[in-house]
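Novice: Sequence plus predicted model, see below.
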Amino acid sequence: MNFKTPFLLFCFSCLGLGAMAQTAGQTISPLRNIRIAVFAPLYLDSVFNENGFKYSKNFPKFVTPGFDFIQGMQMALDSLDKTGVNVYSKVYDSKSLKNDVGSVISSGALNNIDLIIGSVKDREYFQLAAFAQQKHIPFVSATYPNNGGIKNNPFLIIVNSTLEAHCEAIFSYLVASHGTEKILFVRKPGVRGDFISQYFERINLQDGKPILNLDIVNVENNDFSIMQSRLDSTRSTVVVGASINYDFAKGLTESLAGLQKKYQSMLIGMPNWDGFALHNSKTKDYSFLYTTPFYNSKWQKESKDITSQYRAKYKGMPSDMVYRGYEATSYFVSLLKKYPLDVMNHLNDPISQVFTTPLFRPQFSSEKDMIPDYFENKKLYFIKSMNGAITKAW
């Protein structure tokens, strides 16, 4: 893909930190317009120096996710031109060395913002969450699948569901569809494997005795030779791949695919398996499932329009980050337009649906807490992946 020239123009516009989508006509109230701040990792300090753009031939891949997220955001704002609302937006480079998130907050630039949307993580995520809590401004964490241990922050909205939420969804599915069967729970010893195992164990033993019949299989050094002895040749076995490690996912998938003729199985992986290259000659015609809060069939009018615009501009196909930027912006700006002073009480308003139907629920550390730690999207889709083709299973 060669979009260096449009990217340069885009970067220079971002250096001014200003963008606006505006309509003539009425605003959301006689007193104010909608003002949003959008943060994404653009790495402008890394791709520019005193002589200009540093990459003369190849576009730096590490910039693409943030760039695509902002492109989706801008497309969403452009689509609001006929809604009769003024939307003023500012784009900030969350990886700026000279004007980092802390500096932006200290400058007071965000004090009159109505909404913050961020494709951020780590330090920038915590800084924006703390600021949102202090100023009572909704902060939409659009892509980071983690709560970061944040507590008592009723203005934090997590769109990309946490690993705990995915485990909960998988567990609920297993109870509803395979509650009486023996389920192989295949794990990789280690911190992450222990975390997933402990979470499943905790929800499986809520009343002191197991709800599901989980047969724990520990795999050391990615040696999956043990799998054949744990499968049943008389029926299909449900297998949960309880690891976010690529080599583990690849080894388990190839092992089960190789045994498929005699030992049928249904494999459910973790949410990050969607980004793994698991389809090869060894896994031909073998499918696995994974969960995701974001599913875009690409058949909606908005999706087709985005694809068309992106291809015309950059001669390539938009990544999921474009669609995520579009959806987050369109969804929450639409809510802000209708409920300018009460967005947090209308997070699940059906008028704002774009590609998915999110379900935001308040999350509490304990039953005694009165203030939510954050709001999290609990709507998860089960996706079937086979030979590289992706379809929604349910």
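Specialist: It's in.
Novice: Secondary structure element for the residue nearest to Leu115 when sequence neighbours are not counted, which one?
Specialist: Leaving aside its sequence neighbours, Leu115 sits nearest to Ile36 (C-beta to C-beta, 6 or more residues apart in numbering; 4.5 Å). C-beta: built from backbone N, CA, C; applies to glycine. When secondary structure is defined using DSSP states H and E, the element that contains Ile36 is strand 34-40.
Novice: Touching, Tyr144 and Glu124? I think so.
Specialist: No - when contacts are counted by C-beta atoms under 8 Å, Tyr144 is not listed as touching Glu124 (9.4 Å).
Novice: what about the strand holding Ile36, average pLDDT?
Specialist: If you average the pLDDT over strand 34-40, you get 96.
Novice: Who does it pair with, and is each partner parallel or antiparallel?
Specialist: According to DSSP bridges, strand 34-40 has the following sheet partners: strand 87-93 (parallel), strand 115-118 (parallel).
Novice: residues in contact with the spatially closest residue to Asn387 that is not a sequence neighbour?
Specialist: If the residues on either side of it in the chain are set aside, Asn387 comes closest to His279, at 5.7 Å by C-beta to C-beta, 6+ apart. His279 sits next to Ser385, Met386, Asn387, Gly388 when contact means C-beta atoms under 8 Å, 6 or more residues apart in numbering.
Novice: coming back round to it: quick one, which of the strands paired with strand 34-40 is packed in tightest?
Specialist: Each of the strands paired with strand 34-40 was given a mean neighbour count from mean count of other C-beta atoms under 10 Å, and the largest, a mean of 26, is that of strand 115-118.
Novice: Could you tell me the angle between the next helix or strand after that strand and strand 34-40?
Specialist: From strand 115-118 onward toward the C-terminus, using DSSP H and E, the following helix or strand is helix 122-135. Relative orientation of helix 122-135 versus strand 34-40 (axes from the mean of the first three to the mean of the last three C-alpha atoms, to 10 degrees): 160 degrees.
Novice: The helix or strand that helix 122-135 is followed by packs against which elements?
Specialist: The first helix or strand that comes after helix 122-135 along the chain, using DSSP H and E, is strand 139-141. Using 3 or more C-beta pairs under 8 Å, 6 or more residues apart in numbering; DSSP states H and E, the elements in contact with strand 139-141 are strand 115-118, helix 122-135, strand 156-158.
Novice: Quick one, which of those gets closest to Asp232.
Specialist: Asp232 sits nearest to strand 156-158 of all these, at 38.7 Å, using C-beta to C-beta.
Novice: List the neighbouring strands of the closest one plus their orientation.
Specialist: Strands that pair with strand 156-158, judged by DSSP bridges, come out as strand 139-141 (parallel), strand 374-377 (parallel).
Novice: So which of the ones you listed is the most surrounded?
Specialist: Relative to the other members of the strands paired with strand 156-158, strand 139-141 carries the highest mean neighbour count by mean count of other C-beta under 10 Å, namely a mean of 27.
Novice: re the thing from before, got TSV for the strands paired with strand 156-158, with mean pLDDT and distance to Tyr295 too?
Specialist: Shown next, in TSV, are the strands paired with strand 156-158 (pLDDT from 0 to 100; distance: least, C-beta to C-beta, whole Å):
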stretch	mean pLDDT	distance to Tyr295
strand 139-141	98	19
strand 374-377	98	12
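Novice: Of those, which is nearest Leu256?
Specialist: Closest to Leu256 of the strands paired with strand 156-158 is strand 374-377 (C-beta to C-beta; 30.1 Å).
Novice: which is the next helix or strand following the longest helix along the chain?
Specialist: With DSSP state H applied, the helix covering the greatest number of residues in the chain is identified as helix 320-338. The helix or strand immediately downstream of helix 320-338 is strand 360-363, counting by DSSP H and E.
Novice: From Tyr310, how far off is Ala130?
Specialist: Ala130 sits 34 Å away from Tyr310, going by C-beta to C-beta, to the nearest Å.
Novice: Could you check which of the two has the larger neighbour count?
Specialist: The residue with more neighbours, out of Ala130 and Tyr310, is Tyr310; 21 against 15, by other C-beta atoms under 10 Å.
Novice: Does the more buried one touch Ser319 like I think?
Specialist: No - using C-beta under 8 Å as the test, Tyr310 is too far from Ser319 to be in contact (9.1 Å).
Novice: what ranges of the chain fall below the confidence cut-off?
Specialist: Residue ranges of the chain with pLDDT under 70: 1-32, 48-59, 81-84, 192-193.
Novice: For the closest residue to Tyr199 other than its chain neighbours, which residues are in contact?
Specialist: Leaving aside its sequence neighbours, Tyr199 sits nearest to Cys167 (C-beta to C-beta, 6+ apart; 4.9 Å). Under the criterion of C-beta under 8 Å, 6+ apart, the contact list for Cys167 reads Ile196, Tyr199, Phe200, Ile203.
Novice: what are the phi and psi values for the third one?
Specialist: If I follow you right, that is Phe200. Note on Phe200: backbone dihedrals following degrees, to the nearest 10 are phi -60, psi -40.
Novice: try the last one
Specialist: Backbone torsions for Ile203, taken as degrees, to the nearest 10, come to phi -80, psi -20.
Novice: What about it, how many residues nearby?
Specialist: The burial count for Ile203: 16, using other C-beta under 10 Å.
Novice: swap in the third one?
Specialist: Under the neighbour criterion other C-beta under 10 Å, Phe200 is assigned a count of 23.
Novice: Any idea how many residues pack against the closest residue to Leu110 other than its chain neighbours?
Specialist: Here the nearest residue to Leu110 in space, its sequence neighbours aside, is Ala37; by C-beta to C-beta, 6+ apart that works out to 5.6 Å. In terms of burial, Ala37 registers 23 neighbours under the definition other C-beta under 10 Å.
Novice: For Ala37, give the beta-bridge partners.
Specialist: Note on Ala37: beta-bridge partners Lys90, Ile116, judged by DSSP bridges.
Novice: and it, what does it touch?
Specialist: With contact taken as C-beta under 8 Å, 6+ apart, Ala37 is in contact with Ser89, Lys90, Tyr92, Ala109, Leu110, Ile113, Leu115, Ile116, Ile117.
Novice: Sticking with the residue most central in space within the chain, tell me its helix or strand.
Specialist: A centroid search over the chain (C-alpha atoms, centre = their mean) returns Asn160, at 3.3 Å, as the residue closest to the centre. With the criterion set as DSSP H and E, no secondary-structure element contains Asn160; it sits in neither a helix nor a strand.
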